[in-house]
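Student: Take this sequence and fold it.
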Amino acid sequence: MRHGPAEDRADSGLDGDRALTEAGRKRVKSVARLLVDVSEVPSHVITSPLVRAVQTAEIVALTTKMDSRSGSVEVRRELSPGSGAEAGAMAQRLSAEGCKRVLFVGHEPDLSALASSLLGAFDRPFDKAMVIGLKLPLLGMARLRFVLDAKALRFEPVGT
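Tutor: Model prediction:
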């Protein structure tokens with residue numbers, strides 16, 4: 001999931017401090033509600049340490065009631081902008097450990113690059129608050145399961 005729409009500039013002047021806008025918070029909450037409606041609630045959320053991503057992760061956790069199901073939000077530098085292959089290695093490791101329904105919250109163009117590396121190709125940029133679902137096998141390429149268009153609030157299952 002890409003973080004929701006954020007302010008153009010933080011009071012501190014630092015990009016990492018940019019917070020979600022009110023419209024961004026509403027969009028993320030709507031996306032999280034749709035994840036509940038289509039039975040795609042994450043059991044664990046891993047987020048970039050940037051403020052807008054952490055806020056997105058927290059809204060998803062609260063809206064989907066992850067805390068009541070022993071879910072958690074974890075902040076990891078592997079999802080920071082420009083972290084490269086670290087997120088892919090983390091995804092593969094979590095899959096090998098049997099982790100399911102893990103939601104990564106990050107940034108563009110890193111998320112598109114991550115999806116492309118796991119799927120072999122992915123040519124669609126992530127809009128703000130967009131979610132894609134992947135099935136990661138122990139060996140081979142991942143399979144795209146769904147795309148959640150955050151602007152249209154449309155859930156598009158892919159394949160079977």
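Student: The chain: helices as residue ranges?
Tutor: 22-37, 51-63, 86-96, 110-119 (DSSP state H).
Student: now the ones you listed in JSON lines, with mean pLDDT and distance to residue 76?
Tutor: For every residue, glycine as well, the C-beta is placed using N, CA and C. Shown next, in JSON lines, are these (pLDDT from 0 to 100; distance: least, CB to CB, whole Å):
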{"stretch": "helix 22-37", "mean pLDDT": "97", "distance to residue 76": "19"}
{"stretch": "helix 51-63", "mean pLDDT": "97", "distance to residue 76": "10"}
{"stretch": "helix 86-96", "mean pLDDT": "92", "distance to residue 76": "7"}
{"stretch": "helix 110-119", "mean pLDDT": "94", "distance to residue 76": "13"}
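Student: Deepest-packed of the ones you listed, please.
Tutor: The highest mean neighbour count among these, using mean count of other CB atoms under 10 Å, belongs to helix 51-63: a mean of 23.
Student: what's the longest strand in the chain?
Tutor: In the chain, assigned by DSSP state E, the strand with the most residues is strand 143-149.
Student: Report the contact partners of residue 25.
Tutor: 4, 55, 59 (CB atoms under 8 Å, 6 or more residues apart in numbering).
Student: Could you dump those into TSV and include distance to residue 26?
Tutor: As requested, the contacts of residue 25 are arranged in TSV below (distance: CB to CB, whole Å):
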residue	distance to residue 26
4	8
55	12
59	10
